[in-house]
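> what's the 3D shape of this:
(2 chains)
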Amino acid sequence: GEDVEQSLFLSVREGDSSVINCTYTDSSSTYLYWYKQEPGAGLQLLTYIFSNMDMKQDQRLTVLLNKKDKHLSLRIADTQTGDSAIYFCAESKNTGKLIFGQGTTLQVKP
Amino acid sequence: EAGVAQSPRYKIIEKRQSVAFWCNPISGHATLYWYQQILGQGPKLLIQFQNNGVVDDSQLPKDRFSAERLKGVDSTLKIQPAKLEDSAVYLCASSLVGPGAGGPNEQFFGPGTRLTVL
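Below you'll find the model as predicted:
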């Protein structure tokens, strides 16, 4: 099936770490992605992870992948007010098609 | 490098009217996607082109939606006639590589067209 699930809302204080979680269903997905969407804007690719990897770090972003449980997480260290946005995880099909979750709204309080 | 361009940015129509959206992908990008994003949901793929051929249109409601990509560059998406449930943001994206190329498929998104059907 094609189903990607995310929690809908996360609120953190500026300077704290944020962890956004995602579960997916298709174990054949080669790459898994995290996109960011700011109000009135299109989606921006933040990072991706190859399905054979467990972890990927990119500056303040850390992606963890548990392939056995089909669980993906995005950790943002030292969260800033500019990180407030909707975050989407997505799995890819071999055609290039992306299946998106419903998005997690991250609210960062000063 | 110029990003993906879309127009119009906003459109308000009445049900049963027709509407068309336009997308200009990043120069040199072979693959073009149209997604529908209903409020509070993630984007859902409507149609995917590689050059001017259709790769996937399984989720396109073909009784009312049509899309074309003439000359493998710009694309238009049309809805005729529109229904209330078509109210959404229509996102166009493009990627350099196509299916089967290997490696991550980085898709670049335009700002979207927000459609309201009254």
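
> How about the residues of chain B by chain A?
With the criterion set to C-beta under 8 Å from any C-beta of the partner chain, chain B comes near chain A through B:4, B:31, B:33, B:40-45, B:48, B:55-56, B:91, B:93, B:95, B:97-100, B:104-112. C-beta coordinates here come from the backbone N, C-alpha and C atoms, glycine included.

> Show the contacting residues for B:Gly28.
B:Leu96 (C-beta atoms under 8 Å, 6 or more residues apart in numbering or on different chains).

> Please tell me how far it sits from chain A.
Look at B:Gly28 and chain A: by C-beta to the nearest C-beta, to the nearest Å, they are 16 Å apart.

> Work out for me the element that residue sits within.
For B:Gly28, there is no host helix or strand (DSSP states H and E).

> Look at it and report its pLDDT.
Model confidence at B:Gly28, given as pLDDT, is 91.

> swap in the one 10 residues further on?
At B:Ile38 the predicted local confidence, pLDDT, stands at 95.

> and what of A:Lys93?
pLDDT at A:Lys93 comes out at 79.

> Would you check that it makes contact with A:Ile99?
Yes: at 7.0 Å, A:Lys93 counts as touching A:Ile99 under the criterion of C-beta atoms under 8 Å.

> of those two, who's got more company?
The residue with more neighbours, out of A:Lys93 and A:Ile99, is A:Ile99; 21 against 18, by other C-beta atoms under 10 Å in any protein chain shown.

> all strands in the chain, in order from the N-terminus.
Here I'm looking at chain A. In chain A, the strands defined using DSSP state E lie at A:4-6, A:9-13, A:18-24, A:31-37, A:43-50, A:55-58, A:61-66, A:71-76, A:85-92, A:98-100, A:104-109.

> Wait, chain B was what I had in mind.
B:5-7, B:10-13, B:19-24, B:31-37, B:44-50, B:53-56, B:65-68, B:75-79, B:88-95, B:108-109, B:113-117.

> can you list these in JSON lines and add mean neighbour count?
Formatted as JSON lines, the strands of chain B follow (neighbours: other C-beta atoms under 10 Å in any protein chain shown):
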{"stretch": "strand B:5-7", "mean neighbour count": "17"}
{"stretch": "strand B:10-13", "mean neighbour count": "14"}
{"stretch": "strand B:19-24", "mean neighbour count": "19"}
{"stretch": "strand B:31-37", "mean neighbour count": "24"}
{"stretch": "strand B:44-50", "mean neighbour count": "22"}
{"stretch": "strand B:53-56", "mean neighbour count": "14"}
{"stretch": "strand B:65-68", "mean neighbour count": "18"}
{"stretch": "strand B:75-79", "mean neighbour count": "19"}
{"stretch": "strand B:88-95", "mean neighbour count": "24"}
{"stretch": "strand B:108-109", "mean neighbour count": "21"}
{"stretch": "strand B:113-117", "mean neighbour count": "19"}
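
> nearest spatial neighbour of A:Gln44, skipping sequence neighbours?
Using C-beta to C-beta, 6 or more residues apart in numbering or on different chains and skipping the chain neighbours, the partner closest in space to A:Gln44 is A:Lys36 (5.0 Å).

> can you pull the pLDDT of that neighbour?
97.

> close enough to count as contact, it and A:Gly42?
No: using C-beta under 8 Å, A:Lys36 makes no contact with A:Gly42, being 10.2 Å away.
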